[in-house]
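Novice: Structure for this input, please:
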Amino acid sequence: MLFNSYVFLFGFLPLALAGYYVMTAFGPRVSALWLILISFVFYGWWNPQFLILFAVSIIFNYTASEGIARLEARPRAQTLALCLAIAANVGALIYYKYLEAIIRCLTGLGLVHGPVVSIALPLGISFFTFTQIGYLIDKKDGLVKERGLFHYILFVSFFPHLIAGPILHNREMMPQLVQPKTYRFSAENLAVGFAIFGFGLVKKTLFADTMLDSVRAGFGHPGTASFNTAWVAVLSYALQIYFDFSGYSDMAIGLARMFNIRFPMNFNSPYKAASVIELWQRWHMTLSRYLALYVYNPLALAVTRGRASRNLAIGRFAQATPGGFASMVVLPTMITMAIAGLWHGAGLQYLIFGLIHGVYLSINHAIRILRPRRADGGEGWLTHPVKVFFTFAATLLGLVFFRSSSVGAALQLLGGMIGLHGFDGLMLPGAVLAHLGDLRVSLLHSGLVQPTSAVGFINAAGGLSWIILLYVIVWCFPNTQQIMYRFEPTLGRVQAGPFAAYLSWRPNLIWAAAAGAALCLGVLAIGGTSEFLYFQF
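Specialist: Prediction:
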């Protein structure tokens, strides 16, 4: 069930909210049970057969976590139990998400013969699997305080995060789920949640989905994409995935808030980042945090301990040496980013996407370690926008691989971006060209212009203007969390954005009308049920 579908907006959500607030009269446990019930209905709507997998995953991981807790006095047995439980989760993930691609690869190499069986991918399996692996690790480390099965099921299954994140952490969520005030009616939370949800719906249906045709024109035919078509496709895809994931994140945060639950921020204007390190601190923030906690930090710690055991330097000065930098920074970074790439999909293009960003991050760390710092700790007024520009340009290269159907298709599109497939001339209406006399023949012969109808010219100019406008919104306006900052829209502090005096949400008639208009625009722009891009991950 999609957040941007009529059945969700006019059927599931009103019923879920009405039932929840009716159940508050019967106590927190009944309200929590209602949330669990509607969450399972939500997950099973797309394919009911995967409800069994989902339920088995929850029961297995909770049982494993309790077993791990009981082995506290036997550290080796506890570590073994943790490893086995993680292996089972990763095994399920490999089976559903990667096995088909692995078999296809082996078949292509001639190592496996016979038909390739298609394996359906359960929605959200990466998200609920990673969430539970994190819970198992925290249980082993003694960081889990609330241990009841009831609230664990709600923690994993709560529908706003179930399909495409954010990746929740038990230390943030479980304390909220056991508080009685979570299961009481709150007019403020309902209003704030609806406003955030409305902004997210507009981002998805009015901004992201309008980029679809331009994206398909380039990525759908990479071998013939001209310079113009390729660049418009890549710039359009950068906007599509930005507003698609930003819209989903807002809608998830808004939905959770309607039920008195606050989610962590998961998207914070990443195209405003002045470095790739900052980019990953702003884009899919809960995934970055997860990888840092459970992949990068353990790898870096293992490398540090290994160097210490060999009497090698391990401090900041050691990182400034070639050997120290390679082992202490580059190695854990590249492994972590390779996992980040493969997390998004089984294709080689996803691995290359991750490795590209691993290289970016390694270079970024090298600059931070080696460059001399200014005495005042600041930077010139022109330095920051230049950094933002180059960070965005570097991001585009990764997005080409991220969106392409294969590595070959990505390379073909990159070829189009540097002009290997030719250039399209500037489109001008035939009526305009007719008044240019002999110059018209020269321009057409040179390929600098191409004739089009007045309607075609208006459509092309309108499409380009729309792309420019969306980039102005991306770089110059506050994001949803900054607009809502007075009401603590997410866990953690949110800073006020630009134009805070004018674009700061308040519970008044003007903002109520704005939120209502946003919801209406979002609903009117649906037109069809376009899936969120992160559903495939």
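Novice: and the helix or strand where Leu53 lies, how far from the chain's centre?
Specialist: Using DSSP states H and E, Leu53 sits in helix 50-70. Helix 50-70 has its C-alpha centroid displaced from the chain centroid by 26 Å (Cα atoms, centre = their mean, to the nearest Å).
Novice: What's the mean pLDDT across it?
Specialist: Averaging pLDDT along helix 50-70 yields 94.
Novice: Quick one: residues in contact with it.
Specialist: Outside helix 50-70, the residues that touch it by Cβ atoms under 8 Å, 6 or more residues apart in numbering are 40, 43-44, 78, 81-82, 84-85, 88-89, 92, 120, 122-123, 125, 128-129, 132, 135-136, 139-140, 144, 147, 149, 152-153, 156-157. In this view, the C-beta of every residue, glycine as well, is placed from N, C-alpha and C.
Novice: Kindly supply the PyMOL command isolating those of those residues that are buried.
Specialist: Remark: buried members of these, expressed as a PyMOL selection using 16 or more other Cβ atoms under 10 Å:
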select buried, resi 40+43+44+78+81+82+85+89+92+122+123+125+128+129+132+135+136+139+140+144+152+153+156+157
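Novice: circling back: could you dump the helix or strand immediately after the helix holding Leu53 in the chain to CSV, C-alpha only?
Specialist: The helix or strand immediately downstream of helix 50-70 is helix 75-93, counting by DSSP H and E. C-alpha atoms of helix 75-93 as CSV (Å, rounded to 0.1, in the frame of the first residue of the first chain):
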residue,chain,number,x,y,z
PRO,A,75,30.7,-14.2,26.5
ARG,A,76,31.9,-16.7,23.9
ALA,A,77,28.6,-18.5,23.7
GLN,A,78,26.8,-15.2,23.6
THR,A,79,29.0,-14.0,20.7
LEU,A,80,28.4,-17.3,18.9
ALA,A,81,24.7,-17.0,19.3
LEU,A,82,24.8,-13.4,18.0
CYS,A,83,26.8,-14.5,15.0
LEU,A,84,24.4,-17.3,14.2
ALA,A,85,21.4,-15.0,14.5
ILE,A,86,23.0,-12.4,12.2
ALA,A,87,23.9,-15.1,9.7
ALA,A,88,20.3,-16.2,9.6
ASN,A,89,19.1,-12.7,8.9
VAL,A,90,21.7,-12.1,6.3
GLY,A,91,21.0,-15.5,4.7
ALA,A,92,17.3,-14.5,4.3
LEU,A,93,18.4,-11.2,2.8
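Novice: Show the pLDDT at Gly345.
Specialist: Listed pLDDT for Gly345 reads 85.
Novice: Show me the contacts of helix 50-70 that map onto helices.
Specialist: 40, 43-44, 78, 81-82, 84-85, 88-89, 92, 125, 128-129, 132, 135-136, 139-140, 149, 152-153, 156-157 (DSSP state H).
Novice: just so I have it, where are all the helices in the stretch 101-250 of the chain?
Specialist: For the stretch 101-250 of the chain, applying DSSP state H, counting those that start in this stretch gives helices covering 125-140, 149-157, 159-162, 170-177, 187-202, 212-219, 227-258.
Novice: possible to save the ones you listed as CSV with mean pLDDT and distance to Thr395?
Specialist: What follows is the helices of the stretch 101-250 of the chain, written out as CSV (pLDDT from 0 to 100; distance: least, Cβ to Cβ, whole Å):
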stretch, mean pLDDT, distance to Thr395
helix 125-140, 92, 22
helix 149-157, 92, 32
helix 159-162, 91, 25
helix 170-177, 90, 28
helix 187-202, 92, 22
helix 212-219, 92, 16
helix 227-258, 94, 7
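Novice: okay, these in CSV with distance to Gln49 next?
Specialist: Output for the helices of the stretch 101-250 of the chain, formatted as CSV (distance: least, Cβ to Cβ, whole Å):
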stretch, distance to Gln49
helix 125-140, 13
helix 149-157, 17
helix 159-162, 16
helix 170-177, 28
helix 187-202, 30
helix 212-219, 30
helix 227-258, 25
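Novice: Out of those helices, the one nearest Trp511 is which?
Specialist: Judged by Cβ to Cβ, the one of the helices of the stretch 101-250 of the chain that comes nearest to Trp511 is helix 187-202, at 7.1 Å.
Novice: Model confidence for the residue most central in space within the chain, exactly?
Specialist: The chain has His284 as the residue nearest its centroid, 4.2 Å off, counting by Cα atoms, centre = their mean. His284 carries a pLDDT value of 91.
Novice: I'd say it and Phe267 touch.
Specialist: Yes. Between His284 and Phe267 a contact is recorded at 7.1 Å, counting by Cβ atoms under 8 Å.
Novice: Give me the common contacts of these two.
Specialist: Joint contacts of His284 and Phe267 (Cβ under 8 Å, 6+ apart) are Phe245.
Novice: relative orientation of the helix holding Leu53 and helix 170-177 in degrees?
Specialist: For helix 50-70 against helix 170-177, the angle by axes from the mean of the first three to the mean of the last three Cα atoms, to 10 degrees is 110 degrees.
Novice: Pull up the per-residue confidence for Ala366.
Specialist: For Ala366, the predicted pLDDT is 92.
Novice: Just say helix, strand or coil for it.
Specialist: helix (DSSP: H, G, I helix; E, B strand; the rest coil).
Novice: What is the neighbour count of the nearest residue to it once chain neighbours are set aside?
Specialist: Of all residues beyond its chain neighbours, the one nearest Ala366 is Phe325 (6.6 Å), with distances taken as Cβ to Cβ, 6 or more residues apart in numbering. Phe325 has 18 neighbours, counted by other Cβ atoms under 10 Å.
Novice: show me the contacts for Phe325.
Specialist: So Phe325 contacts 319, 365-366, 369 (Cβ under 8 Å, 6+ apart).
Novice: Please parse the chain into its domains.
Specialist: As assigned by automatic domain parsing, the chain contains the domains 1-184, 275-372+382-417.
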